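Visitor: 3D, please:
(2 chains)
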Number of protein chains: 2
Amino acid sequence: MNYTLLIVSILIFNTSRQCFVVVKQFRPAVYMCEVERQCPQVFQNQDKENFCHLEDPLPAAVGVTYELCAGIVDKPDLSLEEIAREEVLEECGYCVPVTDLRKITSYRSGVGVTGSRHTLFYAEVTDQMKTGEGGGQPEEGELIEVVEIPLEDYMKFAFDESLPKTPGVILGFVWFQNNIAPKLPKT
Amino acid sequence: MNYTLLIVSILIFNTSRQCFVVVKQFRPAVYMCEVERQCPQVFQNQDKENFCHLEDPLPAAVGVTYELCAGIVDKPDLSLEEIAREEVLEECGYCVPVTDLRKITSYRSGVGVTGSRHTLFYAEVTDQMKTGEGGGQPEEGELIEVVEIPLEDYMKFAFDESLPKTPGVILGFVWFQNNIAPKLPKT
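Guide: Predicted coordinates:
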């Protein structure tokens, strides 16, 4: 049994190119939500064949969400910061010193279902820290695309409802606006 | 089958008393997370009797979270605003005109499990709108306590990790700080 106790998420800001680094991921649960909403007949008939034979199956894109780089804390010997460092490297390809991870806060997500405890970190990276492509671990079924959000667009992105995203992305961006943006060097 | 497609959450600000109105709720999933984290032996033994006979069972308080007033959209004839109005009345006891509900944004929560689409609203209420005690529908198993967070404490509350809360609370409070607080009459 596993209640997915702990999750770390990392708001990543690339200071070299003045952009946020987030991930785009296909989420089966989100896709199924959209199937139920847009093609309820799939479930009403309880007809498995029907699902495969839909003339216009929903494109996979409806199941894609923008998310912060994140991961489950599944190595008891590592600190949250060390797990976060690993996720930034695996998913986004940046090698961040553990000491550069700044904790923002923590919260409970999915309180009706999982009750996971998320710890949210902030990390600034540079192009020099980029050591790989990221993309997650395909052998573990991760399909992750690394996406950069330019600094000049981030608040528009945060509140653009046509781009589905997790609350962590919006929360991270708004936190940045209040806590980091005022201290950025003027360009 | 039901993927809990749509959820509405409402950030409520009482202008009469300059406080936020949130709810405090016991969440079994959060409680079980804490049991697994703090009393892993309960699960390791797979011994059901053990659970009941723990000498120091965890207090229910470890499963309580602060949340925005919220509800599942389960009435297809009502708009999101109408559902939100009903939830504010049932859970918090305020009768808010539908036209007073301002949409903030929407997001996807629990992307790994449910993929629900949350729509976040903001509503200002006054003491005159208070028509009941709130508290949810006990006959439906809801155990909801209405809590007021004074305006002077809300940002401290948002980032106080000893008070478990959903990301919606933090996101709502930070949004308020940026969008509403600057326009409040100076006291």
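
Visitor: what's residue A:20 sitting at in phi/psi?
Guide: phi -90, psi 150 (degrees, to the nearest 10).

Visitor: For it, give the beta-bridge partners.
Guide: Per DSSP bridges, the residues bridged to residue A:20 are residue A:13, residue A:149.

Visitor: Name the residue closest to the centre of chain A, please.
Guide: Most central in chain A under C-alpha atoms, centre = their mean is residue A:67, positioned 2.2 Å from the mean C-alpha point.

Visitor: Give the next helix or strand downstream of the helix-or-strand element of chain A with minimal mean pLDDT.
Guide: Lowest mean confidence among the helices and strands of chain A (mean pLDDT, DSSP states H and E): helix A:48-53, at a mean of 54. From helix A:48-53 onward toward the C-terminus, using DSSP states H and E, the following helix or strand is strand A:64-67.

Visitor: Can you name the element that comes right after that following strand?
Guide: Next helix or strand after strand A:64-67 toward the C-terminus (DSSP H and E): strand A:69-72.

Visitor: other SSEs contacting the very next helix or strand once past that following strand?
Guide: Sequence-wise, the next helix or strand downstream of strand A:69-72 (DSSP H and E) is helix A:80-87. When contacts are defined as 3 or more C-beta pairs under 8 Å, 6 or more residues apart in numbering or on different chains; DSSP states H and E, helix A:80-87 packs onto strand A:6-14, strand A:69-72, strand A:116-125. From N, CA and C alone the C-beta is placed, and that goes for glycine too.

Visitor: Most tightly packed of those strands?
Guide: Ranked by mean neighbour count, these are led by strand A:6-14 with a mean of 24 (mean count of other C-beta atoms under 10 Å in any protein chain shown).

Visitor: starting at the chain centroid, how far to the lengthiest helix in chain A?
Guide: If you go by DSSP state H, chain A has its longest helix at helix A:167-179. Here the centre of helix A:167-179 is set off from its chain's centre by 13 Å, with C-alpha atoms, centre = their mean, to the nearest Å.

Visitor: So for it, what gets flagged as buried?
Guide: A:167, A:168, A:169, A:170, A:171, A:172, A:173, A:174, A:175, A:176, A:177 (16 or more other C-beta atoms under 10 Å in any protein chain shown).

Visitor: Assess the claim that the fifth one and residue B:169 are in contact.
Guide: No. Under the contact definition of C-beta atoms under 8 Å, residue A:171 does not touch residue B:169, with a separation of 10.0 Å.

Visitor: What separation do you get for residue A:98 and chain B?
Guide: In this structure, residue A:98 and chain B are 20 Å apart, going by C-beta to the nearest C-beta, to the nearest Å.

Visitor: And residue A:16, by the same measure?
Guide: Computed as C-beta to the nearest C-beta, the residue A:16 to chain B distance reads 27 Å.

Visitor: and that residue, how many neighbours?
Guide: Per other C-beta atoms under 10 Å in any protein chain shown, the neighbour tally for residue A:16 reads 12.

Visitor: One more: residue A:130?
Guide: Neighbour number of residue A:130 under other C-beta under 10 Å is 16.

Visitor: give me phi/psi at it?
Guide: According to degrees, to the nearest 10, residue A:130 has phi -80, psi 120.

Visitor: mind listing what it touches?
Guide: By C-beta atoms under 8 Å, 6 or more residues apart in numbering or on different chains, residue A:130 lies in contact with A:93, A:94, A:95.

Visitor: Just give the nearest non-adjacent residue to the last one, would you?
Guide: By the measure of C-beta to C-beta, 6 or more residues apart in numbering or on different chains, the closest residue to residue A:95 outside its immediate chain neighbours is residue A:131, 4.8 Å from it.

Visitor: Correct me if wrong: that neighbour contacts residue A:94.
Guide: Yes. Counting by C-beta under 8 Å, residue A:131 touches residue A:94, with 7.2 Å between them.

Visitor: If you count surrounding residues, which of those two has more?
Guide: A count of neighbours by other C-beta under 10 Å puts residue A:94 above the other of residue A:131 and residue A:94, at 25 against 10.

Visitor: That one and chain B, how far apart?
Guide: From residue A:94 to chain B the distance is 22 Å (C-beta to the nearest C-beta).

Visitor: What pLDDT is listed against that residue?
Guide: As predicted, residue A:94 sits at a pLDDT of 97.

Visitor: residue ranges with poor pLDDT in chain A?
Guide: Along chain A, the parts satisfying pLDDT under 70 run over A:1-4, A:44-55, A:187.

Visitor: hang on, the earlier thing: ok, and which of the buried residues of helix A:167-179 reach chain B?
Guide: A:167, A:168, A:169, A:170, A:171, A:174, A:175, A:177 (C-beta under 8 Å from any C-beta of the partner chain).

Visitor: Skip the chain neighbours and tell me the closest residue to the first one.
Guide: Here the nearest residue to residue A:167 in space, its sequence neighbours aside, is residue B:167; by C-beta to C-beta, 6+ apart that works out to 4.2 Å.

Visitor: for the fifth one, same thing?
Guide: Nearest residue to residue A:171 in three dimensions, chain neighbours excluded: residue B:171, at 4.6 Å (C-beta to C-beta, 6+ apart).

Visitor: same question, the fourth one
Guide: Nearest in space to residue A:170, with sequence neighbours left out and distances taken as C-beta to C-beta, 6+ apart, is residue A:158 at 4.9 Å.

Visitor: tell me which element residue A:133 falls in.
Guide: Per DSSP H and E: nothing holds residue A:133, as it lies in no helix or strand.

Visitor: can you pull the contacts of it?
Guide: Residues near residue A:133 by C-beta under 8 Å, 6+ apart: A:93, A:146.
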